[in-house]
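>>> structural data only, the sequence is not supplied:
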């Protein structure tokens, strides 16, 4: 019985609610489907600032609109989670990934108090529906970049590979970003299984599409990476949820997912 309580105690230590879903841990968070989106969001924020705030990451990821954020800051919304676009378990997963990734970057944590905007008494704003102290701290914990600007530039440039990886358009092979002026903006599909970062039950990860038609009617071809062996190939969006790796899992051959440039 005491062993069964361990996940709850660990979740409490991070200020997050325990659920029975697969937990985000320090050893698994890089495989979480939201990890690439968190990394992209933090990279974009760091390219313009030295401070990463969870609310800014949520805005950058599209889970919190600027309009709803401002309404909360003005005291028109009782707590931030009320206008979060997604489930509260999703918010908790994202918060944990933010914390783990910021720790990897050796960023310094700092609790920041959020007060209501506008005239009059500056009320302290609430993030969570429950008002739990540790959960409030998880939302309000900013991460400060305290290393060289050169290292920050290097890291944001490295993370940009997750945002937009250039292709050798003739061969469909990835090359160094400096070797071409043309880049591809990888896009999410419509549905959870074709979101960038989605990891299916066979450990195949969706990397997005660049509007190349697939071989199934009405489908795009999605760049797919096997997180077991690293093999990269193309998959129809309709197959992503059950896809197996052609290289190490005897899955079907991949399809073309890249554009061809006519020179």
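That came through, no problem. The structure displayed is predicted, hence computed values, not measured ones.
>>> make it CA atoms for all contacts and neighbour counts henceforth
Will do.
>>> give me the contact list for stretch 104-119.
By C-alpha atoms under 8 Å, 6 or more residues apart in numbering, the residues outside stretch 104-119 that reach it are 73-75, 122-125, 137, 140-146.
>>> out of these, which sit inside helices?
Among these, the members found in helices (DSSP state H) are 73, 137, 140.
>>> quick check: the last one touching residue 80?
In this case it means residue 140. No - if you go by C-alpha atoms under 8 Å, residue 140 and residue 80 don't touch, sitting 11.2 Å apart.
>>> quick check: buried residues in the longest strand belonging to the chain?
In the chain, with assignment by DSSP state E, the single longest strand is strand 204-213. By neighbour count with 16 or more other C-alpha atoms under 10 Å, strand 204-213 contains the buried residues 204-211, 213.
>>> that strand - what's its average pLDDT?
Averaged across strand 204-213, pLDDT comes to 90.
>>> can you pull out the strands in the stretch 1-150 of the chain?
51-52, 108-111, 141-144 (DSSP state E, counting those that start in this stretch).
>>> how about residue 98: what's its closest non-neighbour residue?
Sequence neighbours aside, residue 38 is the residue nearest to residue 98 in space, at 6.6 Å (criterion: C-alpha to C-alpha, 6 or more residues apart in numbering).
>>> for residue 91, same thing?
Residue 91 sits nearest to residue 84 (C-alpha to C-alpha, 6+ apart), 7.8 Å away.
>>> that neighbour against residue 64, yeah?
Yes - counting by C-alpha under 8 Å, residue 64 is a contact partner of residue 84 at 5.4 Å.
>>> three-state assignment of residue 155?
Of the three states, residue 155 takes helix according to DSSP: H, G, I helix; E, B strand; the rest coil.
>>> what about the residue nearest to it when sequence neighbours are not counted, how many residues close to it?
Counting by C-alpha to C-alpha, 6+ apart, residue 155 lies nearest to residue 43, which is 7.7 Å off, once chain neighbours are set aside. Counted by other C-alpha atoms under 10 Å, the residues lying close to residue 43 total 24.
>>> how near is residue 43 to residue 56?
Per C-alpha to C-alpha, to the nearest Å, residue 43 is found 12 Å from residue 56.
>>> on that earlier part again, and the contacts of stretch 104-119, which are buried?
With burial judged by 16+ other C-alpha under 10 Å, the buried subset of the contacts of stretch 104-119 is 73-75, 125, 137, 140-145.
>>> give me the phi and psi for residue 220.
phi -90, psi 160 (degrees, to the nearest 10).
>>> tell me who's in contact with it.
209, 211-214, 236-237.
>>> who's it bridged to?
residue 213 (DSSP bridges).
>>> can you pull the pLDDT of the closest residue to residue 26 other than its chain neighbours?
Sequence neighbours aside, residue 100 is the residue nearest to residue 26 in space, at 6.6 Å (criterion: C-alpha to C-alpha, 6+ apart). Looking at residue 100, its pLDDT reads 93.
>>> where does pLDDT dip in the chain?
Low-confidence segments of the chain, defined by pLDDT under 70: 1-22, 158-184, 259-263.
>>> distance from the chain centre to the biggest helix by length in it, please.
Under DSSP H, the helix in the chain containing the largest number of residues is helix 88-104. The chain centroid and the centroid of helix 88-104 are separated by 9 Å, computed with C-alpha atoms, centre = their mean, to the nearest Å.
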